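Colleague: Give the three-dimensional model of this entry:
(one chain, ligands or ions: 2)
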Amino acid sequence: MSVAHALPLSAASPAAPVERDLFRGAMARLGAAVNLVTTDGPAGLAGFTATAVCSVSDTPPTLLVCLNRSASVHPAFSANGVLCVNVLAAGQQALANLFGGKTAMAERFAAARWTRLATGAPVLDGALVACDCRIAEVQSVGSHDLLLCEVLGVAEPGGEGGLLYFDRRYHELA
Ligand SMILES: NC(=O)c1ccc[n+]([C@@H]2O[C@H](COP(=O)([O-])OP(=O)(O)OC[C@H]3O[C@@H](n4cnc5c(N)ncnc54)[C@H](O)[C@@H]3O)[C@@H](O)[C@H]2O)c1
Ligand SMILES: Cc1cc2c(cc1C)N(C[C@H](O)[C@H](O)[C@H](O)COP(=O)(O)O)c1[nH]c(=O)[nH]c(=O)c1N2
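Modeller: Ligands and ions are numbered 1, 2, ... in the order given. Alright, predicted model coming up:
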């Protein structure tokens, strides 16, 4: 079967804008690591679950975090200018749900133990790896801000096994 025949009709015209549900269905098939992105500073403590995180450059060491401007945590990240990307380990799905929205900030942070590196952003005990960052640049695209983050420090807080988000569910990696 040709590629064109394999595509659904809704994807046939390259000129037609792809509507939101079709796009989200496509992105649901793009598996990703699950992260708790945290901050602290003059605007206070905040954290959220993020899968839109990736490596950008190793010189300088830079990663990307995509943050919805409508999220309650957005003002804190903008004002503090620092963050920590805590990559979740197998078995930390409950934290991913807690930081995934609608829960009071104090309740999110009370559910785990935390340390700090140079920036003061919270580092999650038991995470697979943690990247302590300063937000070097911000670009807005559609609903989200693209936070380009310079990595100032890396820690391995003791977690083992990976946690992936794929097909709208969590999957553990041995
Ligand atoms: N990048 C994001 O902002 C993002 C990513 C994953 C989940 N979420 C949030 O979690 C909820 C549940 O997600 P789900 O995966 O169970 O089902 P869903 O159908 O809402 O989303 C499917 C996929 O689409 C992408 N997506 C969802 N919302 C997006 C947004 N506002 N901007 C860009 N990409 C987006 C993600 O890759 C997601 O896994 C979503 O409604 C959203 O609020 C947001
Ligand atoms: C698995 C998964 C993955 C993501 C999210 C959720 C979940 C469950 N959310 C949503 C985000 O965590 C949520 O909006 C924040 O917790 C802020 O919520 P409140 O506005 O505080 O309720 C999210 N938001 C965002 O801006 N960028 C992202 O990459 C993701 N990824």
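
Colleague: In contact with the residue nearest the centre of the chain, which residues?
Modeller: With distances taken as Cα atoms, centre = their mean, the residue of the chain nearest its centroid is Ala50 (2.3 Å). By Cβ atoms under 8 Å, 6 or more residues apart in numbering, Ala50 lies in contact with Val34, Asn35, Leu36, Val37, Val65, Cys66, Leu67, Val85. The C-beta positions use only the backbone N, C-alpha and C, and glycine is treated the same way.

Colleague: got the residues of the protein near ligand 1?
Modeller: Applying Cβ under 6 Å from any ligand atom, we find that the chain lies next to ligand 1 at Arg24, Met27, Ala28, Thr51, Ala52, Cys66, Asn68, Ser143, Arg168.

Colleague: Now do the phi/psi pair for the first one.
Modeller: The main-chain torsion angles of Arg24 are listed as degrees, to the nearest 10 and equal phi -60, psi -40.

Colleague: before we move on, what about the fourth one?
Modeller: Geometry field for Thr51 lists phi and psi as phi -110, psi -20, criterion degrees, to the nearest 10.

Colleague: do Cys133 as well
Modeller: Torsion angles, degrees, to the nearest 10, at Cys133: phi -140, psi 160.

Colleague: before we move on, the earlier item: can I get the residues of the chain next to ligand 1 in a markdown table with pLDDT and secondary structure?
Modeller: Formatted as a markdown table, these follow (pLDDT from 0 to 100; DSSP: H, G, I helix; E, B strand; the rest coil):
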| residue | pLDDT | secondary structure |
| --- | --- | --- |
| Arg24 | 98 | helix |
| Met27 | 98 | helix |
| Ala28 | 98 | coil |
| Thr51 | 98 | coil |
| Ala52 | 98 | coil |
| Cys66 | 99 | strand |
| Asn68 | 98 | strand |
| Ser143 | 98 | coil |
| Arg168 | 98 | coil |
